[in-house]
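Asker: got a structure for you, letters missing:
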């Protein structure tokens, strides 16, 4: 049982890492798309739309990601619908990511000075024209660093999907530990791999932040 | 008939009444300078004309369009009413030419070629033909304000509102902006300026409106009012601002 060599452990972890990366990418992309749609609703100046979006954001920000995973995995099963761990993890992470990105991006939109809206207003531009041509291009610049920074949270968030049986890096680590009884080695490697995924992202986010600060 | 008609307009911010029944008639081609201490309501009055602020009572009409009635969609009104701001409010992510082209492109649906021509023409008008490709951050304050004027003119407004457009400029840059405004006045553009430039108000203006405590305290031909103000408040204001 314990004749697993170091290289066997490492190669198995790296194979599972593919799933961590895949889930991160898919969740971030779909969360981003949903987040963008919600952003428009959040700053639409239409009362009920803003409130509904706000409630959505508060719910997903105010409850643990693990509970959200359980709700999708076990909750939906109550209605007789079979949910695979992959689907549940993807859905939960999409909702969770979209809530945080909406909130980050709302802050960026609101950071654009009021004078920009007024100037566009007096040029007879419609609300959507103002958003599209004046506000979003500026908000986009300031949104890039915190958005890239948040992608680190998404990568780490995927670890929770292991609890509902999704075989990602964390789950592979647990399985290898059960087989080898070398928890310190296994989890050290798991942590190192997560770090290798996340560190370049946060380094990149810091770099972008500096670039955009200089350019201002 | 007046181009801009302001009748008995009242406006409060919470408990504070900033406009207490203001009436002003502005003829086509007039150059109206609105002066007064800060807090006298002059900027608020200007911002009511194009619907940036709402008013509580009275009426404003521009070229026959009632501002309050147009509330739901002010775009038709704003096509005819240009505005230039104290802080320029240029779009920082666009070049000077793109700033001027944007509204003609997306609001008036002009072709790219036509909009470019228009931008070149308008930038030439404000003396910045050579700065078309520069971003606002690469321009001086005076140049930025002139781009802002070109941007407003590109919509071919009937009237141009200027809200303290030289107040944020270094003293040596004020004149280049005022010269542009003076040329517009000579072209027959209707101008309504909230300003602290007394000399300019006197020499270029066709009408002076002195606001005091939310009311029009005195109005008339600028040269006449500067030579012989009748109220002690205007005497004091002119005296204070010429020193």
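Answerer: Good, I have the coordinates. These numbers were taken from a predicted model, which means no experiment stands behind them.
Asker: off-centre distance for the biggest helix by length in chain A?
Answerer: Counting by DSSP state H, the longest helix found in chain A is helix A:6-42. Helix A:6-42 sits 8 Å away from the centroid of its parent chain (C-alpha atoms, centre = their mean, to the nearest Å).
Asker: how far is the longest helix along chain B from where the chain is centred?
Answerer: If each helix of chain B is counted by residues according to DSSP H, the longest one is helix B:171-186. In terms of C-alpha atoms, centre = their mean, the centre of helix B:171-186 is found 13 Å from the chain centre.
Asker: how about it: buried residues?
Answerer: Residues B:173, B:174, B:176, B:177, B:178, B:180, B:181, B:182, B:184, B:185 are the ones in helix B:171-186 that count as buried (16 or more other C-beta atoms under 10 Å in any protein chain shown). The way it works is simple: take the backbone N, C-alpha and C, and place the C-beta from them, glycine included.
Asker: nearest spatial neighbour of the last one, skipping sequence neighbours?
Answerer: It refers to residue B:185. What sits nearest to residue B:185 in space, not counting adjacent residues and going by C-beta to C-beta, 6 or more residues apart in numbering or on different chains, is residue B:31, at 4.7 Å.
Asker: residues in contact with residue 12?
Answerer: Using chain A. By C-beta atoms under 8 Å, 6 or more residues apart in numbering or on different chains, the contact set of residue A:12 is A:172, A:176.
Asker: wrong one, chain B
Answerer: With contact set as C-beta under 8 Å, 6+ apart, residue B:12 has these partners: B:18, B:56.
Asker: same question, residue A:175
Answerer: residue A:167.
Asker: same question, residue B:181
Answerer: Under the criterion of C-beta under 8 Å, 6+ apart, the contact partners of residue B:181 comprise B:149, B:162, B:165, B:191, B:193, B:200, B:204.
Asker: ok so, going back, tell me which residues are up against whichever helix or strand comes after the longest helix of chain A.
Answerer: Heading C-terminal from helix A:6-42, the first helix or strand you meet, by DSSP states H and E, is helix A:47-62. With C-beta under 8 Å, 6+ apart as the contact definition, helix A:47-62 has outside contacts at A:38, A:41-44, A:68, A:95-96, A:98-100, A:102-103.
Asker: which stretches of the chain have low pLDDT?
Answerer: Looking at chain A here, since you left the chain open. A:1-4, A:213-216 (pLDDT under 70).
Asker: my bad, chain B
Answerer: B:242-243.
Asker: contact residues of it facing chain A?
Answerer: Counting by C-beta under 8 Å from any C-beta of the partner chain, chain B comes close to chain A at B:50, B:52, B:74-76, B:78-79, B:81-83, B:85, B:87, B:89-93, B:102-103, B:106-107, B:148, B:151-152, B:155.
Asker: can I have the buried ones of these as a ChimeraX selection?
Answerer: Taking 16+ other C-beta under 10 Å as the burial criterion, the selection of buried members of the residues of chain B next to chain A in ChimeraX is written as:
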select /B:50,52,74,78,79,81,82,83,85,87,89,90,91,92,93,102,103,106,107,148,151,152,155
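Asker: which members of the residues of chain B next to chain A are positioned in strands?
Answerer: For the residues of chain B next to chain A, the ones inside strands are B:81, B:82, B:83, with DSSP state E as the criterion.
Asker: between these, which is closest to residue B:127?
Answerer: Ranked by distance to residue B:127 (C-beta to C-beta), those are led by residue B:82 at 18.1 Å.
Asker: ok, the closest one touching residue B:162?
Answerer: No: using C-beta atoms under 8 Å, residue B:82 and residue B:162 do not qualify as a contacting pair, with a distance of 9.1 Å.
Asker: that older thread, for residue A:156, state which of the ones in strands among the residues of chain B next to chain A is nearest.
Answerer: After measuring these against residue A:156 - C-beta to C-beta - the closest member comes out as residue B:83, at 48.7 Å.
Asker: quick one on the thing from earlier: how many other residues sit next to the residue nearest to residue B:185?
Answerer: 25 (other C-beta atoms under 10 Å in any protein chain shown).
Asker: please list all residues in contact with it.
Answerer: If a contact means C-beta under 8 Å, 6+ apart, then residue B:31 has B:185, B:190, B:191, B:193, B:204, B:205, B:206, B:207 as its contacts.
Asker: is the third one in a bridge, and if so with what?
Answerer: Per DSSP bridges, residues listed as beta-bridge partners of residue B:191: residue B:31, residue B:160.
Asker: and it, how many neighbours does it have?
Answerer: The local packing of residue B:191 (other C-beta under 10 Å) involves 23 other residues.
Asker: burial count for residue B:199?
Answerer: When neighbours are counted by other C-beta under 10 Å, residue B:199 registers 11.
Asker: name the SS class of it, please.
Answerer: Judged by DSSP: H, G, I helix; E, B strand; the rest coil, the three-state class of residue B:199 is helix.
Asker: for residue B:162, see how far away it is.
Answerer: Counting by C-beta to C-beta, to the nearest Å, the separation of residue B:199 from residue B:162 is 16 Å.
Asker: could you pull out the helices for chain A?
Answerer: Residue ranges of the helices in chain A, as given by DSSP H, are A:6-42, A:47-62, A:65-70, A:76-78, A:85-110, A:114-122, A:127-130, A:136-157, A:169-180, A:183-215.
Asker: helix/strand/coil for the most far-flung residue of chain B relative to its centre?
Answerer: Here the centre of chain B is the reference, and by C-alpha atoms, centre = their mean the most remote residue is residue B:113, at 28.8 Å. Using three-state DSSP, the secondary structure recorded for residue B:113 is helix.
Asker: before we move on, back to that, just say which of the helices of chain A is most tucked in.
Answerer: When neighbours are counted by mean count of other C-beta atoms under 10 Å in any protein chain shown, the highest per-stretch mean among these falls to helix A:85-110, a mean of 21.
Asker: other SSEs contacting that helix?
Answerer: Here helix A:85-110 touches helix A:6-42, helix A:47-62, helix A:65-70, helix A:136-157, going by 3 or more C-beta pairs under 8 Å, 6 or more residues apart in numbering or on different chains; DSSP states H and E.
Asker: roughly how far apart are residue B:1 and chain A?
Answerer: Applying C-beta to the nearest C-beta, to the nearest Å, one obtains 23 Å for the distance of residue B:1 from chain A.
Asker: and that residue, how far from residue B:139?
Answerer: Relative to residue B:139, residue B:1 is positioned 40 Å away (C-beta to C-beta).
Asker: and what of residue B:132?
Answerer: Taking C-beta to C-beta as the measure, residue B:132 falls 11 Å from residue B:139.
Asker: what sits in contact with each of these two?
Answerer: Common neighbours of residue B:132 and residue B:139 (criterion: C-beta under 8 Å, 6+ apart): residue B:96.
Asker: what's the helix or strand hosting residue B:46 in contact with?
Answerer: Of the helices and strands defined by DSSP H and E, residue B:46 is found in helix B:42-49. With contact meaning C-beta under 8 Å, 6+ apart, helix B:42-49 is reached by B:4, B:6, B:9, B:11, B:18-19, B:22, B:24, B:34-36, B:53-55, B:60, B:62, B:67, B:81, B:159, B:161, B:163-164, B:192, B:194, B:211.
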